[in-house]
Structures are given as C-alpha cells and as structure tokens.
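Peer 1: Next one to model:
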Amino acid sequence: MIQLHSFSRAIIHVDCDAFFASVEQSLDPSLKGRPVIVGKDRGIAAAFSYEAKRKGVMRAMPLSEIKKLCPDAVFLPCDYESYSLYSQRFYAILRRFTPEVEEYSIDEAFADLTGLRRIYRTSYEAIALQIKETLEKELGITISIGLSLTKSLAKICSRDNKPSGFTCVRGYELDPYLKNTKIGRVCGFGPSSTALLAKHGVFTVWEYVQKPENFAQNLIGKIGVELWHELRGEPVYAVIKEKKREQASLSKVKTFTPSSNDRDFVRAQLIRNMESAFIKMRRHGLVAKEVGVYLKNKDHRGRALGAELTRHTDSPLEGIKIVSELFDRLFDSGVMYRATGVWFHKMEVRRAAVQDLFDDPAKIAALREISRVIDEVNALYGKHTLHLASSDMLRVYRQHLGDRGDFSSRKIEPLKGENFRQHLGIPIWNIKV
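Peer 2: So this is what the prediction gives:
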C-alpha cells in the first residue's frame, strides 16, 4: 500500500475533449454527432471530433485522404478567435470554484481543491463532478476530469473513459490502479524513456514506483525522481496560478494550399510570418536577439536554420536581412513547400535590454518611430495594411491564399461595426443582423 489516506491533496486535471471541433459543434448544434474536421484552411486535419476519430482520421492527415475514409465528414476552417474566447470562459468558470487554477494550455487546466470540502460541505468527488457539469452546461462541450493526489496522477486519470469521463483515484486505491497503468501514459516519459524502462523490466507505473528512488535517479535523472514521488502520491509539482510575466520565445507559422515551389511566394509567406511576430513583440513590449526560419514540404518534412541578430530588436527592418539569408540557404526550387515559420529566442523586455557600445542611438530611435507609425496605421485600417515590399507578393499570388470557404463564419459575416480582423470579444451563435 502506497497511501493509507484518501486525499493528502486533492488535485484535478480538467481536459476539454476534442476542443476545436467541440467548439464548432457548440456554435452550430447541427454538427453534433457528425464527423467534424477542423483545418480546411490548412489542407490537413488540425483537429477533429471523436466521431471522425472513430472512423480512423488522424492528426495531420490530408483532407483528400479523409474524404475517401470519411465521405460524410464536415470540413471547417480554423477559428482561433472563437477557440480563444471559449478558453477564457473555460478558465473563468473554473475560478468560480477555486482561485488555485493553472492555465496548462488553451484547453487544459489543473486546479487544487484541497480544503474546499469545508466550504462546499461535500466530497472532493462531488465538487469535481459539479465543476464538470457546470463547464459542460455553460460551454456546450464535453469535459474529462481526473482527480487524485498529484498533478501527474490527475493527468493520467483524466485520460480514462474519454470523452466526458471522470476518474477519481484516492490514496488507498493507488496500488490496484497503477498496476493496470502502462508507464507510457505518464506525462514526462516519452518513447525513449519508456523503451529504456522496458529494458529494465518496468512496464507499468506500479513497477516503477516499487523500485528504489536511486533507480529513478540513476536511470532517468531529476525528472525521473520527481515523477517517482508524484506517482506515489507525494506532490512535487505545485499548481501554479500566476501567469508567466515574460515570454521566452515566440513563433509564427503559416500553412498554405496548394503547395508551392515559387520562390517569391514562399519567401513572401516567411517575411509575413516575421512581420506578424514583430507586431506581437511590440504589443507586449518585447525584443529578441535570436531568430530562426523553418520551411516544411508537402510531405510534412521540414528544415530549419537559426542565427543571432546584432542586437535585441522588435523591428522587421532589422530582421529581414538575416531572415532572407537563412531562407536562401534553405530554399530548394525542386521542392514543393506547404508551410513557413519563424521563431525568436533570447527575448527580453524592451526597457531592460542593454544597448551595445557601438549601437547607433539615432538609428534605433528612427526604427522605433517607424514601427510606431506602422502599428498606428494598422490599428486603424487592419493588420498588415503597411508592410514590407518583400511580402507584397502575397497580393499577386492570390490563388495560394484560398477562397471565402477557407475563412470562419465570423470573418465572412461580421456584425455591424466589425471588420475582417476586429470583432467583438464573444463567440457568435448564428446571430443575424
């Protein structure tokens, strides 16, 4: 017996089932029970409903293959704005029950319920089920919840009985539960760690926690020891309710259809990614010193290169030269490309960035003034109204940008006062004006 009590801590992992597809089904109830594929604008399955999953649809599968496999599938473009709004509501509902909520991802959260039995005058299981019922009722999607003593155990539990599952494992129930849990289900153990443990005769979580602590230390290292304690019901990872104040990295990726080997077009997509990244940087008062570019071909294989900038910056006029050089080294005219990406590392808050002795203060001030004007004009007339000439090629190659069917309904049919990029901060439920 690993634990004799029920709950030393009561931690839940809350997971929205097939989140993107579920949001689409919530916005349009006629889609419920049907195989929904999100990713029409990208040419692949970015997300899909459980109905589609049961028919064999897999992530990143081309839409042409899905049509053969699942002729009755409904294909929709990604509507990240609505998904983000649903995510905000998701977290707002959770915080009604407890202030200790960790935003793990757009559709996953951890929450600490410890001590709430006294307030709600009921069991932790009943509190978790009340949270589940409230989320499903108010969001119109299904939720799976795992309840146990630690974050690692709760995350394993939430994967049981999906969709709309609820699994509770108390301390005294750990032994029988872990004996039936494969080691590969533990978040933190990837294929390499799982294969290594298998070589030492460890196939289940129970076999792992029965080993001495130094076995985990010698074989896996620090994370192995942390998970060894977590899986024994001994909390190591706290529920972190504070948001990160600074962003360590930033990336922008663009998938386009059909695939292209047109040098000017692919380069223009990459430059547009860079411009978008710098816009977001300036909005959050950040600067970066390291940049990388990424090109993915139609077979989903990619190549990437990175380099350091001469100083921390948030200006595309300083980034375009190195991004163009990296692109020239990666691009192969004999390859059909379907996506470009750019990422930035070594980021700092702009006011905290230290200038080099040889920096030109006048040039830096001029670049910031140009960026300020660009942001003001784009705020008035739409994102990328002012842009680099290098990305202007996107206006020439309209055939690569898709048609109206590749945009979400909130972009095609805006409400009064909205435009293509500026919308009210609410999802739209078939509102007619």
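Peer 1: Would you map the strands across the stretch 201-350 of the chain?
Peer 2: In the stretch 201-350 of the chain, the segments counted as strands under DSSP state E, counting those that start in this stretch are 250-260, 286-297, 302-313, 337-349.
Peer 1: mind listing what's buried in the last one?
Peer 2: This means strand 337-349. Counting neighbours by 16 or more other CB atoms under 10 Å, one finds that the buried residues in strand 337-349 are 337, 338, 339, 340, 341, 342, 343, 344, 347, 348. For glycine as for every other residue, the C-beta is placed from the backbone atoms N, C-alpha and C.
Peer 1: circling back to that earlier point, could you dump the strands of the stretch 201-350 of the chain into a markdown table with mean pLDDT added?
Peer 2: Rendered in a markdown table, the data for those read as follows (pLDDT from 0 to 100):
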| stretch | mean pLDDT |
| --- | --- |
| strand 250-260 | 82 |
| strand 286-297 | 89 |
| strand 302-313 | 85 |
| strand 337-349 | 86 |
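Peer 1: Now render the ones you listed as JSON lines, adding distance to residue 70.
Peer 2: Written out in JSON lines, the entries for the strands of the stretch 201-350 of the chain read as follows (distance: least, CB to CB, whole Å):
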{"stretch": "strand 250-260", "distance to residue 70": "19"}
{"stretch": "strand 286-297", "distance to residue 70": "25"}
{"stretch": "strand 302-313", "distance to residue 70": "27"}
{"stretch": "strand 337-349", "distance to residue 70": "22"}
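Peer 1: how about those strands, which one is nearest residue 143?
Peer 2: strand 250-260 (28.4 Å; CB to CB).
Peer 1: what packs against that closest one?
Peer 2: Counting contacts by 3 or more CB pairs under 8 Å, 6 or more residues apart in numbering; DSSP states H and E, strand 250-260 packs against helix 263-283, strand 286-297, strand 337-349.
Peer 1: quick one, which of those is nearest to residue 208?
Peer 2: strand 337-349 (34.2 Å).
Peer 1: Show me what the closest one is packed against.
Peer 2: Applying 3+ CB pairs under 8 Å, 6+ apart, we find strand 337-349 packed against strand 250-260, helix 263-283, strand 286-297, strand 302-313.
Peer 1: Rebuild the ones you listed as JSON lines, extending it with mean neighbour count and distance to residue 374.
Peer 2: Below are these laid out as JSON lines (neighbours: other CB atoms under 10 Å; distance: least, CB to CB, whole Å):
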{"stretch": "strand 250-260", "mean neighbour count": "17", "distance to residue 374": "16"}
{"stretch": "helix 263-283", "mean neighbour count": "21", "distance to residue 374": "8"}
{"stretch": "strand 286-297", "mean neighbour count": "20", "distance to residue 374": "16"}
{"stretch": "strand 302-313", "mean neighbour count": "16", "distance to residue 374": "14"}
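Peer 1: In TSV: those, plus distance to residue 321.
Peer 2: Below are these laid out as TSV (distance: least, CB to CB, whole Å):
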stretch	distance to residue 321
strand 250-260	18
helix 263-283	11
strand 286-297	10
strand 302-313	9
